[in-house]
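Trainee: Coordinates for the following, if possible.
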Amino acid sequence: MKNNIGEKLLFIDTETGGIDCNKHSLLSVGLVVWGNDREIIDSTEVFIRHRNYIVTSTAQNINKFNMQEHEQLAVHPKKAIELILNFCKQHFSENLLIPLAGHNTQFDVNFLKVFLKKNGRSFDQIFSHRIIDTYTLLRSLYYSGKITNDISSSTQAFRYFDIKVNGRHSAKGDAIATAQLFSRLLELL
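Mentor: The predicted structure follows:
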């Protein structure tokens, strides 16, 4: 039986074709390994190729999705899963369900669950059901009075803590910034 104890977290972020995980395309997954010394250990982004892309105009504007550029980086879904798992194996024990973290993480987890299931893999055999969400932490700090402004959106939080995002609305860029945000929040807790 895998346990959930570890000193590292895997921050995730996704770029998607919309907000419906059962309908819209998962375009990319950003992965950032964060160590309990509050440092980023490693990061990557995996771009996913689809036969038919289902992308809303709103998502296309937010993500700055360009199909030709995406196709140059994207890999077949089975290869994408292989890349994700190999990255995780470099940093986490195979006897450990990988603990996830992120901002508004349930959104990303839902897309990842659907993607894995469609490709014959089980989220629950790879990742822990326990998730750290910086949104929840920000709301808790706001309700406790430790932060006097409601900065629960990632954009507001990055601005408040002066976190520079290299590649805003890219899965890797946002995951790195969220890991940095988490380290800053730990200072307040």
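
Trainee: name the helices or strands packed onto the worst-scoring helix or strand of the chain on mean pLDDT?
Mentor: The helix or strand of the chain with the poorest confidence is helix 57-63; it has a mean of 92 (mean pLDDT, DSSP states H and E). Counting contacts by 3 or more C-beta pairs under 8 Å, 6 or more residues apart in numbering; DSSP states H and E, helix 57-63 packs against strand 8-16. C-beta here means a position set from N, CA and C on the backbone, and glycine is covered the same way.

Trainee: Pull up the pairing partners for the strand it packs on, direction included.
Mentor: Strand 8-16 pairs in its sheet with strand 26-35 (antiparallel), strand 98-102 (parallel), by DSSP bridges.

Trainee: buried sites along the next helix or strand after the last one?
Mentor: Past strand 98-102, further along toward the C-terminus, the next helix or strand under DSSP states H and E is helix 105-118. Within helix 105-118, the residues that qualify as buried are Thr105, Phe107, Asp108, Val109, Asn110, Phe111, Leu112, Lys113, Val114, Phe115, Leu116, counting by 16 or more other C-beta atoms under 10 Å.

Trainee: which one of the strands paired with strand 8-16 lies closest to Ile84?
Mentor: strand 26-35 (6.3 Å; C-beta to C-beta).

Trainee: Glu82 belongs to a strand?
Mentor: No - counting by DSSP: H, G, I helix; E, B strand; the rest coil, Glu82 is not found in a strand; it is helix.

Trainee: where does the protein dip in pLDDT?
Mentor: The chain contains residues with pLDDT under 70 at 1-6.

Trainee: Report the separation between the residue located most distally from the centre of it and Phe127.
Mentor: For the chain, the largest distance from the centre (C-alpha atoms, centre = their mean) belongs to Gly145, which lies 27.6 Å off. Using C-beta to C-beta, to the nearest Å, Gly145 is found at 34 Å from Phe127.

Trainee: again, but for Asn36
Mentor: On the measure of C-beta to C-beta, Asn36 and Phe127 end up 19 Å apart.

Trainee: and what of Asn63?
Mentor: 23 Å.

Trainee: Neighbour count for the two, which is higher?
Mentor: Phe127 (21 against 18; other C-beta atoms under 10 Å).

Trainee: now the longest helix belonging to the chain, how far from the centre of its chain.
Mentor: Taking DSSP state H as the criterion, the chain has its longest helix at helix 171-188. The chain centroid and the centroid of helix 171-188 are separated by 11 Å under C-alpha atoms, centre = their mean, to the nearest Å.

Trainee: Between helix 105-118 and it, find me the angle.
Mentor: Angle of helix 171-188 versus helix 105-118, following axes from the mean of the first three to the mean of the last three C-alpha atoms, to 10 degrees, is 140 degrees.
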